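Chemist: sharing a model prediction with you, sequence too.
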Amino acid sequence: MIERKKYSILIVDDESLNLKTLANILGTDYTIYMEKNGADAVESAEEYQPDIILLDIIMPGMDGYEVIKILKNNDKTKDIPVIFITGLGDDESEEKGFLMGASDYIAKPFSHAIALHRVRNQIKILEASRAKSAFLANMSHEIRTPMNTILGVTEILLEDEMLSDGMEEGLLKIYDSSELLLGIINDILDFSKIEAGKFDLTPSEYEIASLINDTINMNMMRIGKKPIVFELTIEESVPKRLFGDELRIKQILNNILSNAFKYTEKGKVTLAIAGEPHEKGVEMVFKVQDTGLGMTKEQVNLLFEEFSRFDQGTSIEGTGLGMAITQNLIGLMAGVIEVESERGSGSLFTIRIPQKVVSTECLSKEVIENLCSLRNINMRRGKKANLTRELMPYGKVLIVDDIIPNLYVATGLIKPYKVKIETLMSGKEAVDRIKDGAVYDVIFMDHMMPGMDGIEATRQMREFGYNGTIVALTANAVAGQAEMFLENGFDAYISKPIDIRELDAVLNKFIRDKQTVEVIEASKKGILKFADSIDGFDIQKGLNKFGGDEGIYLRLLTKYVSSASSMLESLAEFDNENLNDYLITVHGFKGASVGMYANNIGEMAGRLEKAAKEKDITFIHENNSAFISAAQNFIDELKKMFAIIEAENQKPKKESPDPDMLERLFIACRSYAVDDVEVVMTELEAHEYENDNDLIIWLREKVDLMEFTEVIEKLS
């Protein structure tokens with residue numbers, strides 16, 4: 001057996017003496033494989049995947065030029081550096097070798113020092129390339145994870161109907177900039193994987209309707225305020241269910257469409273989808289046409305070069321990696337991309353990707369019409385719903401979706417109801433959870449997932465005897481789908497993107513309405529219990545302002561009490577000499593009070609502010625003491641409320657954290673399963689521990705900072 005060293009070299013030469021000489025020179029530092037002919041060399045290169053190949057040019061049968069041609073046309077061996085070993089000393093032979101992809105030459109007869117140095121130089125180049133790819137991949141992952149959170153939080157905050165115009169505009173800028181940055185990070189990560197030869201496809205069965213719907217939803221937002229018409233056409237020749245890498249096809253379409261919207265200021269962007277017969281099943285044809293800037297012939301020739309950017313002087317964003325990545329993805333799928341463009345008139349991209357057909361059934365006319373109508377779905381974004389959510393702390397739900405952003409959005413929309421939320425990312429995990437004995441008031445099940453989809457997962461749950469409520473989350477909620485879901489064991493369905501009114505109705509029906517009056521009354525603890533007990537304090541509106549999140553509202557009220565107390569001390573010291581300071585302080589008190597919906601106190605402060613602006617000293621002297629007294633009474637009432645809420649929300653005590661829970665956290669951190677980490681932490685934090693030496697507090701700090709390596713070391 002060959003002892004494996006860090007790097008390996010395949011030496012190919014028909015002369016045994018040459019093989020032995022090079023093996024003696026290099027064998028001390030590297031694992032050596034040897035072959036005496038081109039055909040065997042090609043097989044060994046694919047089998048052993050050496051780091052470098054030393055290849056003789058003149059050999060009987062298949063010479064070195066033929067061998068390198070085969071190696072460079074094989075995806076498994078094309079990136080292996082090849083150093084030619086030859087006695088040919090002419091420049092023409094060397095040039096031919098370099099043109100065919102050789103990295104260097106070693107001349108015969110061999111010089112021990114030169115041969116060793118040339119190999120070491122290639123190893124250094126190889127190490128630098130691998131280090132760069134590893135760095136890019138690691139940094140992209142580390143940045144992308146919190147960026148996903150920023151995007152999700154911003155989207156949830158944008159649902160707040162109480163946002164001022166300025167706040168909404170600011171949040172939209174955060175969202176758009178974060179989305180742009182996330183796209184750049186994803187491009188860098190994908191490029192580093194492609195460059196390192198580690199980019200693999202993950203084919204599975206998928207529904208083309210789901211792919212089209214997701215693509216439309218993602219790209220409609222790119223129009224913004226531009227006067228652009230987006231037109232979608234789908235031929236009835238498109239099969240309903242296919243086998244391929246759905247995620248990467250979406251990525252290809254998103255890259256092409258994003259460029260179409262990016263480089264089109266006005267006019268039209270069209271996506272046309274068709275299916276043509278192919279030996280593999282069907283050739284999916286996607287055509288994206290725009291009336292944008294267009295390109296010159298020279299620009300088209302450079303389009304797929306890495307880091308290529310046109311119109312550098314404009315405000316159009318991007319890295320120049322998107323099209324290079326797109327071409328690589330299409331190539332990995334044995335597809336082709338064609339470009340037609342004219343400067344000033346726009347561009348047409350035609351993408352052909354062969355896919356296996358799972359079902360010969362094609363999309364119906366009805367489904368096509370519904371999908372085409374969905375192109376306007378995102379125009380509803382930004383219209384806030386006037387909805388008062390009823391808290392249901394007695395409820396427990398499970399959300400199952402293979403897409404993390406979908407999980408976040410669904411969680412964010414349900415969280416204000418105060419139900420306990422768990423999340424999983426596959427149908428199989430959900431089935432296993434039910435078989436382990438878990439019971440939920442509602443399971444929200446994504447329809448289309450790789451592996452076991454929502455329908456199969458629901459079928460297995462029902463066969464196992466699970467009778468709880470299961471609600472489908474689907475992008476295919478067109479005519480006839482309701483009956484299909486009901487026939488397959490679902491109790492209801494909600495269309496994507498989730499309409500919060502539909503969600504509210506489902507939660508009320510399947511959680512609230514199934515509780516007894518006693519349970520509902522007993523749940524009315526916390527801040528809403530004081531809704532009518534503090535005069536001039538609109539708790540319900542305050543809670544709604546913060547999306548029903550009682551924790552956020554209480555933390556802000558606590559800060560309000562702290563700052564208000566110090567401001568009252570300042571206001572009590574008013575005299576004629578410090579009128580300007582008084583105005584600033586009472587203005588701040590008014591703003592803080594109105595922001596918390598302490599309306600009576602805010603109005604009193606507002607009247608004093610007006611008097612200070614008008615230099616009405618008499619009014620201030622006559623009313624300041626009454627205001628301070630009223631404000632202090634309000635603060636005292638809030639402090640009493642805090643004490644009662646804290647007493648009601650005491651956590652059950654345990655001696656120490658559950659070892660099984662810590663093991664689950666360890667596994668989740670090791671695999672960077674962010675959602676699983678949060679689920680486990682939430683369960684751990686549901687108790688107070690007598691003997692944990694503040695472990696749970698420490699874990700929360702590390703988890704929030706995404707410092708999973710430290711958590712792993714701590715729990716090892």
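Modeler: Cool, got the structure.
Chemist: partners of Pro239 in the sheet?
Modeler: Beta bridges link Pro239 to Cys362 when assigned by DSSP bridges.
Chemist: and what of Arg352?
Modeler: Beta-bridge partners of Arg352, as defined by DSSP bridges: Val285, Val336.
Chemist: all strands for the stretch 201-350 of the chain, in order.
Modeler: For the stretch 201-350 of the chain, strands defined by DSSP state E, counting those that start in this stretch occupy the ranges 204-207, 228-234, 239-244, 267-278, 281-290, 336-342, 346-362.
Chemist: which neighbouring elements make contact with the second one?
Modeler: In terms of contact count using 3 or more Cβ pairs under 8 Å, 6 or more residues apart in numbering; DSSP states H and E, strand 228-234 is assigned the packing partners helix 208-220, strand 267-278, helix 365-373. In short, each C-beta sits where N, CA and C put it, glycine included.
Chemist: circling back: ok, which of the strands of the stretch 201-350 of the chain comes nearest Ala626?
Modeler: With respect to Ala626, and counting by Cβ to Cβ, the nearest of the strands of the stretch 201-350 of the chain is strand 228-234 at 59.4 Å.
Chemist: list the buried residues in the closest one.
Modeler: 228, 230, 232, 234 (16 or more other Cβ atoms under 10 Å).
Chemist: kindly report the same for stretch 688-706.
Modeler: 689, 692, 695-696, 699, 702-703, 706.
Chemist: next, give me the two most distant ones among these.
Modeler: Among those, Tyr689 and Met706 lie farthest apart (Cβ to Cβ), at 23.8 Å.
Chemist: Provide the secondary structure category for Pro60.
Modeler: coil (DSSP: H, G, I helix; E, B strand; the rest coil).
Chemist: show me what contacts it?
Modeler: 14, 37 (Cβ atoms under 8 Å, 6 or more residues apart in numbering).
Chemist: next one: phi and psi at it?
Modeler: phi -70, psi 150 (degrees, to the nearest 10).
Chemist: so it versus Val12, what's the distance?
Modeler: Distance of Pro60 to Val12, computed by Cβ to Cβ, to the nearest Å: 13 Å.
Chemist: any chance of the helices and strands packed on strand 228-234 in a markdown table, plus mean pLDDT?
Modeler: Formatted as a markdown table, the helices and strands packed on strand 228-234 follow (pLDDT from 0 to 100):
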| stretch | mean pLDDT |
| --- | --- |
| helix 208-220 | 79 |
| strand 267-278 | 93 |
| helix 365-373 | 78 |
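Chemist: the strands of the stretch 201-350 of the chain: which one's closest to Pro450?
Modeler: Nearest to Pro450, of all the strands of the stretch 201-350 of the chain, is strand 204-207, at 4.1 Å by Cβ to Cβ.
Chemist: so how far is the closest one off the chain centroid?
Modeler: A distance of 20 Å separates the centroid of the chain from that of strand 204-207, by Cα atoms, centre = their mean, to the nearest Å.
Chemist: what pairs with that strand, parallel or antiparallel?
Modeler: Here strand 204-207 is paired, per DSSP bridges, with strand 239-244 (antiparallel).
Chemist: who touches the strand it pairs with?
Modeler: 203-209, 275, 281-282, 284, 333, 353, 355-363.
Chemist: in the stretch 401-550 of the chain, which spans are strands?
Modeler: Under DSSP E, counting those that start in this stretch, the stretch 401-550 of the chain gives strands at 420-424, 442-446, 469-474, 492-495.
Chemist: hey, C-alpha coordinates of the shortest one in CSV?
Modeler: Okay, so that is strand 492-495. The C-alpha atoms that make up strand 492-495 are tabulated as CSV, following Å, rounded to 0.1, in the frame of the first residue of the first chain:
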residue,chain,number,x,y,z
ALA,A,492,-56.8,23.7,4.9
TYR,A,493,-54.2,25.5,2.8
ILE,A,494,-52.7,29.0,2.6
SER,A,495,-51.3,30.5,-0.6
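Chemist: helix or strand: which one has the residue of the chain most remote from its centre?
Modeler: Computed with Cα atoms, centre = their mean, the maximum C-alpha offset from the centroid of the chain is found at Thr618, amounting to 60.1 Å. Element membership of Thr618 [criterion: DSSP states H and E] is helix 617-648.
Chemist: buried set for that helix?
Modeler: By neighbour count with 16+ other Cβ under 10 Å, helix 617-648 contains the buried residues 620, 624, 627-628, 630-631, 634-635, 638, 641, 645.
Chemist: likewise stretch 93-109?
Modeler: 93-94, 97, 100-108.
Chemist: now do the shared contacts for Pro60 and Val12.
Modeler: Asn37.
Chemist: surely Val12 is in contact with Glu43?
Modeler: No: Val12 is not in contact with Glu43 according to Cβ atoms under 8 Å; the separation is 11.2 Å.
Chemist: who has more neighbours out of those two?
Modeler: Val12 (27 against 11; other Cβ atoms under 10 Å).
Chemist: what's the spacing between Ser495 and Ile414?
Modeler: To Ile414, Ser495 is 16 Å away according to Cβ to Cβ.
Chemist: out of these two, which sits in the more crowded spot?
Modeler: The neighbour count for Ser495 versus Ile414, taken as other Cβ under 10 Å, is higher for Ile414 (24 against 18).
Chemist: return the residues in contact with that one.
Modeler: 397, 399, 421, 503, 507.
Chemist: can you give me the pLDDT of the closest residue to the first one other than its chain neighbours?
Modeler: In space, not counting the residues next to it along the chain, Val397 is nearest to Val442; the distance is 4.7 Å by Cβ to Cβ, 6 or more residues apart in numbering. Taken from the predicted model, the pLDDT recorded for Val442 is 96.
Chemist: wait, doesn't Val442 sit right on Asn508?
Modeler: No: counting by Cβ under 8 Å, Val442 stays clear of Asn508, with 11.0 Å between them.
Chemist: higher neighbour count, those two?
Modeler: Between Val442 and Asn508, counted using other Cβ under 10 Å, Val442 has the larger neighbour count: 23 against 15.
Chemist: tell me how far that one lies from Thr516.
Modeler: Distance of Val442 to Thr516, given as Cβ to Cβ: 18 Å.
Chemist: before we move on, what about Ser93?
Modeler: Distance from Ser93 to Thr516, by Cβ to Cβ: 90 Å.
Chemist: ok, now Glu43?
Modeler: As judged by Cβ to Cβ, Glu43 and Thr516 stand 74 Å apart.
Chemist: then Lys651?
Modeler: Lys651 sits at a distance of 25 Å from Thr516 (criterion: Cβ to Cβ).
Chemist: quick one, domains of this structure?
Modeler: Listed by automatic domain parsing, the domain ranges of the chain are 8-110, 132-195, 204-380, 396-522, 529-648, 653-715.
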